[in-house]
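Colleague: Curious how this folds, go ahead:
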Amino acid sequence: MLELGDESVEAHHEVGRMAAENGVDLLVAVGGDLAKQLALSAGAAGVPDIALVGDNGTAAAYLESILRPGDVVLVKASRGGQLWQIAQALNGQAVTGL
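Modeller: Predicted coordinates for the structure are as follows:
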């Protein structure tokens, strides 16, 4: 969503609202200002648990500490966010860059 330019902030707000509408229990937002906008919108729309972390490594470590068998994780970002690294870490794979 980084590639959306001027529409990026509203797009992050919309994803936060959609998370609440779709019953997301926990939203982990990774990054800076745009991640904060996503987290704020999700919380305001009713997502019960929100975590805001600065980087992919922190996100992966946090998720590894709380995930239980049967939990479902959706990783969503622009390629620039490299959030596939979180999915790799959670699956025990080597973490790769671009």
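
Colleague: hey, let's count contacts and neighbours off CA atoms from now on
Modeller: Will do.

Colleague: got the residue ranges for the strands in this structure?
Modeller: Along the chain, the stretches classed as strands by DSSP state E are 26-30, 49-53.

Colleague: Just the angle for the last one relative to strand 26-30, thanks.
Modeller: What that stands for is strand 49-53. 20 degrees (axes from the mean of the first three to the mean of the last three CA atoms, to 10 degrees).

Colleague: Give the other helices and strands that strand 49-53 contacts.
Modeller: strand 26-30, helix 33-45 (3 or more CA pairs under 8 Å, 6 or more residues apart in numbering; DSSP states H and E).

Colleague: Now tell me what touches the longest one from outside.
Modeller: By that I understand helix 33-45. Residues from elsewhere that reach helix 33-45 (CA atoms under 8 Å, 6 or more residues apart in numbering): 8-9, 12-21, 27-29, 49-52.

Colleague: Please indicate which of these are buried?
Modeller: For the contacts of helix 33-45, a neighbour count by 16 or more other CA atoms under 10 Å gives the buried set as 9, 12-13, 15-20, 27-29, 50, 52.

Colleague: Now those in CSV, please, with extra columns for pLDDT and distance to Y62.
Modeller: Below are these laid out as CSV (pLDDT from 0 to 100; distance: CA to CA, whole Å):
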residue, pLDDT, distance to Y62
V9, 93, 25
H12, 94, 22
H13, 96, 23
V15, 95, 21
G16, 96, 20
R17, 98, 23
M18, 97, 23
A19, 97, 19
A20, 97, 21
L27, 97, 12
V28, 97, 9
A29, 96, 12
I50, 97, 12
L52, 97, 11
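
Colleague: what's the spacing between stretch 64-78 and its chain's center?
Modeller: From the chain centre to the centre of stretch 64-78 is a distance of 9 Å (CA atoms, centre = their mean, to the nearest Å).

Colleague: Next: stretch 75-83.
Modeller: Using CA atoms, centre = their mean, the offset of stretch 75-83 from its chain centre is 9 Å.

Colleague: Just the CA coordinates for it, please, in CSV.
Modeller: What follows is stretch 75-83, C-alpha atoms only, in CSV (Å, rounded to 0.1, in the frame of the first residue of the first chain):
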residue,chain,number,x,y,z
VAL,A,75,0.1,-11.2,6.5
LYS,A,76,-0.8,-8.1,4.4
ALA,A,77,1.5,-5.4,3.1
SER,A,78,3.1,-3.9,0.0
ARG,A,79,6.2,-5.6,-1.2
GLY,A,80,8.2,-2.7,0.3
GLY,A,81,7.2,-3.8,3.8
GLN,A,82,8.8,-7.3,3.2
LEU,A,83,6.2,-8.8,5.6
